[in-house]
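Asker: here's my sequence, what's the structure:
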Amino acid sequence: MRHALVVLTLVLLGQFTESVAQDVKPRRADAKARPSEQDATDLRAKVRIILKEQREKQHIPGLAFVVVSDNKILFLETLGLRDLDRKLPVTPDTVFPIGSCTKSFTSVAAAASHDKGVLTLDDSPHKYLPYFRMADPEADALITLRDMLCHRTGLRAKADLAAEPAVLSREEYVRAATSAKPTAALRAKFQYSNAMFTAAGEAIAKANHMTWERLIETTIFGPLHMTSSLTSAKPPAEWSDHALGYVYREASKDWKHVPPPKSLAAMAPAGAIASTARDMCQWLRFLTAGGTIDGKRLVSAATLQEIARPHIAINDTLSYGLGWATYKWNGHTVVEHNGGSQGISALVSFVPDRRVGFAFLANTSPNYMTAIGNAGRLLWPLLLGEGAPSATATSTTPATSSPPGAVPSGAALPDVDELLAQMIAAYGGERNLRRHSSMEVRARKVYENQGIQADLVILARAPYSRSEEETWTAVGKRIGRYRTFFDGSRGGQETTFGQDATYTDDEIEQMRRDSARHAILDVRTPYNEVKVERKATLAAEDVYVVRLTPKRGSPVLLYVSSRTALIVQRETKSETATFGDHRNVDGEFVPFRTTIRDALGEMTIEASDVQFNGSIAPAAFSASDR
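Answerer: From the prediction side, this is the model:
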């Protein structure tokens, strides 16, 4: 069975790029004195050159950039257009969605609540959210707001599928996502979770007896005089000065307008805020002044330092605090967060010991400038007046060990034609396979790490037609439908939540390979080479590893049981599918249990009914008439 990957905007919403300029041997130049007016003019000119170069390279329609230093606005620059069709320019008051930069606002609201004694960062979410339950009993008993705000809860990274159809309420989304199977133990690993940040935001709001939206408005926007900032990525209709989001299309060299994801309403504490360059100056003034604005303290310096300090390592050079990433640049601690989805990209960064920070807002998808560390690599040498740190060499020595479970290369391997003949016989023989020209499968599919279940119907007809239709439910509620289809020459995917797509030429070629009804009989046709590569052990079973090399695209590995000659696992660049519980259906052996691991995590498919040679209309493999 083939699993088609959903093209999700919200996988990108939680995008947190784990790359940063290395700084293991920091060298710090002498800090310059406050720049003169001429120095400031020269600095602005150099920064403007970088922004213009990056705008062109990254295909950014419009952007806004601000720098605050010593509580003053050092630089505010806008470039390009907020609306391409109407040719409207970006202004200092243009509203941009900031995506996951919202997390920092939620964490500052938690810090302010901690200072007021409303809550502590080590409170359990159960204290405020009666519906909160995690699948792992130990994690459920021990989890704290601190764990949730630093992404160490054990939930799979970016597991936001339940929010994608924009049907669930915020509570329902949290219940679905937190009930999912974890992929790590509590506090064992950094795994970026929009769902847990959403739950933390809701808990902090409940502790203050108000909604999250009201909490942000009264705790941050009001005191900081951020008069044009919103707790929704979609500005009201009367708000004329707002940026439209765009995706650059390389093939046609143009931009496609995309609206903010509707699902942001469910995960607002993790990614729904929209703001302007002018308002972000106020946010940076507050951050770089250690929690004060215009002489008024909103958050204690100690608590602000607490949320910005490392709580868990992401990699060797990058850590995460509470709503903030942190790394070293030239001996300085940099505190930073990015945000993005289709048509949305933003970055906020500051250096506490130099009281300097910048914000970058753009109306296109995540790009070089919004990956953690990249903008700083370009800008901190200028903004801090210091030379860039030396890069550290990393080992490039290739690994020489054998693949896991590999049997020494001297082990005898069967002839490929001999093994293929054994496989055909194991699945029922060529005669039985050929007479089954069509197949219908009904199954139950569980997205183990997403909190979603689906009723699945698979239809297939020789030679290359196939469709899969899933009806999704979460927390007992029907939330959407997802369908892939292929008629042998054309195909695509359809959803009820705006993710329709048509297959590209490369995808069509792959679909012809993956959708073949009699793939095992005609295995040589779509592949340049079929080779028995090695013997190995997989889940305590001896297997032959067969490599299928296509004319274009990545190879496929089949793990074939040396005992039964059945395929127990199929591995591609993007997914691994494991097959079990093979049953004889009208002379053909069919796997009734499939486990898939791909970008969405782990999925299990349990077939309940398999039938051959039923009547299937040609329309079943084409786009729906809707």
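Asker: the residue nearest to residue 67 when sequence neighbours are not counted: helix or strand, and which one exactly?
Answerer: The shortest distance from residue 67 to any non-neighbouring residue, by C-beta to C-beta, 6 or more residues apart in numbering, is to residue 75 (3.9 Å). C-beta: built from backbone N, CA, C; applies to glycine. Following DSSP states H and E, one finds residue 75 within strand 72-83.
Asker: what does residue 511 give?
Answerer: Using DSSP H and E, residue 511 falls within helix 505-514.
Asker: that helix - contacts with which helices or strands?
Answerer: Counting contacts by 3 or more C-beta pairs under 8 Å, 6 or more residues apart in numbering; DSSP states H and E, helix 505-514 is packed against strand 477-486, strand 491-495, strand 541-550.
Asker: what angle do it and strand 477-486 make?
Answerer: Going by axes from the mean of the first three to the mean of the last three C-alpha atoms, to 10 degrees, helix 505-514 is angled at 90 degrees with respect to strand 477-486.
Asker: report the buried residues of the helix or strand that comes right after helix 505-514.
Answerer: Using DSSP H and E, the helix or strand that directly follows helix 505-514 along the chain is strand 527-538. Residues 527, 530, 532, 533, 534, 535, 536, 538 are the ones in strand 527-538 that count as buried (16 or more other C-beta atoms under 10 Å).
Asker: could I get the contacting residues of the residue nearest to the fifth one when sequence neighbours are not counted?
Answerer: I take that to be residue 534. Excluding its sequence neighbours, the residue lying closest to residue 534 (C-beta to C-beta, 6+ apart) is residue 545, at 5.0 Å. Neighbouring residues of residue 545 by C-beta atoms under 8 Å, 6 or more residues apart in numbering: 532, 533, 534, 535, 536, 557, 558, 559, 560.
Asker: my guess is residue 589 contacts residue 426, does it?
Answerer: Yes - using C-beta atoms under 8 Å, residue 589 is in contact with residue 426, at 6.7 Å.
Asker: name the residues contacting each of those two.
Answerer: What both residue 589 and residue 426 touch, as defined by C-beta under 8 Å, 6+ apart, is the set residue 566.
Asker: number of nearby residues for residue 610?
Answerer: Using other C-beta atoms under 10 Å, the number of residues around residue 610 comes to 18.
Asker: for the helix or strand residue 424 falls within, buried residues please.
Answerer: Element membership of residue 424 [criterion: DSSP H and E] is helix 416-426. Residues of helix 416-426 classed as buried by neighbour count (16+ other C-beta under 10 Å): 416, 419, 420, 422, 423, 424, 426.
Asker: distance of the second one from residue 605?
Answerer: When C-beta to C-beta, to the nearest Å is applied, the distance between residue 419 and residue 605 equals 26 Å.
Asker: likewise residue 153?
Answerer: 27 Å.
Asker: so between these two, which is more surrounded?
Answerer: With neighbours defined as other C-beta under 10 Å, residue 153 and residue 605 compare such that residue 153 has more, 29 against 22.
Asker: and the closest residue in space to that one that isn't next to it in sequence, how many neighbours?
Answerer: Spatial nearest neighbour of residue 153, chain neighbours left out: residue 196 (4.9 Å); criterion: C-beta to C-beta, 6+ apart. Neighbourhood size, residue 196 [other C-beta under 10 Å]: 28.
Asker: which strands and helices sit next to the helix or strand hosting residue 196?
Answerer: According to DSSP H and E, residue 196 maps onto helix 194-207. On a contact count with 3+ C-beta pairs under 8 Å, 6+ apart, helix 194-207 meets helix 102-115, helix 145-149, helix 170-178, helix 212-216, helix 268-271.
Asker: all set now, cheers.
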